[in-house]
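Student: heads up, no residue letters with this:
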């Protein structure tokens, strides 16, 4: 019986407690990482708030620029109308002249628009478009054929889960 007592004492493993310095350093590291990422998230939130405010201000500035542009255009038309009235001696002729100028500008814009649409539909552009579309379709057909395999059956991609089953 005496022989069994020493075996129990030697059989129990002795565990040395971890150094308290190591635990405190790990705790400090964890707090530092939390502080760093917390600061980064705070900075990101602030930047997103500024960007949101900037977009609102940009929209307001765009609206103000549009209103100012329309106002400037009307003022220029009024000034031209006044000059035409002084030169022709009649307000009716001046307004008629302004209408002719605006009509010429409108017709010129429409002709330019039609010309641009014509340039987009030229035969060389249509053939390039047709070639690009046929290349895209043939590439898609090749990819589908490659996925189906040589027998025309759909091939399942190999995954770790599929290998287990």
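Tutor: Noted; the coordinates are in hand. Please read these numbers as outputs of a predicted model, since none were measured by experiment.

Student: separation between residue 69 and residue 55?
Tutor: From residue 69 over to residue 55 the distance is 21 Å, taken as C-beta to C-beta, to the nearest Å. C-betas here are computed from N, CA, C, even on glycine.

Student: which helices and strands does the longest helix seen in the chain pack with?
Tutor: The longest helix of the chain (DSSP state H) is helix 20-88. Packing partners of helix 20-88 (3 or more C-beta pairs under 8 Å, 6 or more residues apart in numbering; DSSP states H and E): helix 91-120.

Student: circling back: now the longest helix of the chain: mean pLDDT?
Tutor: In this model, helix 20-88 has a mean pLDDT of 87.

Student: that one vs helix 91-120, what angle?
Tutor: Here helix 20-88 runs at 130 degrees with respect to helix 91-120, directions being taken by axes from the mean of the first three to the mean of the last three C-alpha atoms, to 10 degrees.

Student: what's around residue 95, how many residues?
Tutor: Using other C-beta atoms under 10 Å, residue 95 has 13 neighbouring residues.

Student: how about it, what does it touch?
Tutor: When contacts are counted by C-beta atoms under 8 Å, 6 or more residues apart in numbering, residue 95 is found next to residue 81.

Student: got the contact list for residue 55?
Tutor: Shown in contact with residue 55 (C-beta under 8 Å, 6+ apart): no residues.

Student: tell me how far it lies from residue 108.
Tutor: Distance of residue 55 to residue 108, computed by C-beta to C-beta: 35 Å.

Student: next: residue 50.
Tutor: Distance of residue 50 to residue 108, given as C-beta to C-beta: 43 Å.

Student: next: residue 54.
Tutor: As for residue 54, its distance to residue 108 is 37 Å (criterion: C-beta to C-beta).

Student: ok, residue 37 next?
Tutor: Distance from residue 37 to residue 108, counting by C-beta to C-beta: 60 Å.

Student: before we move on, what about residue 60?
Tutor: Here residue 60 is placed at a distance of 33 Å from residue 108 (C-beta to C-beta).

Student: likewise for residue 115?
Tutor: 11 Å.
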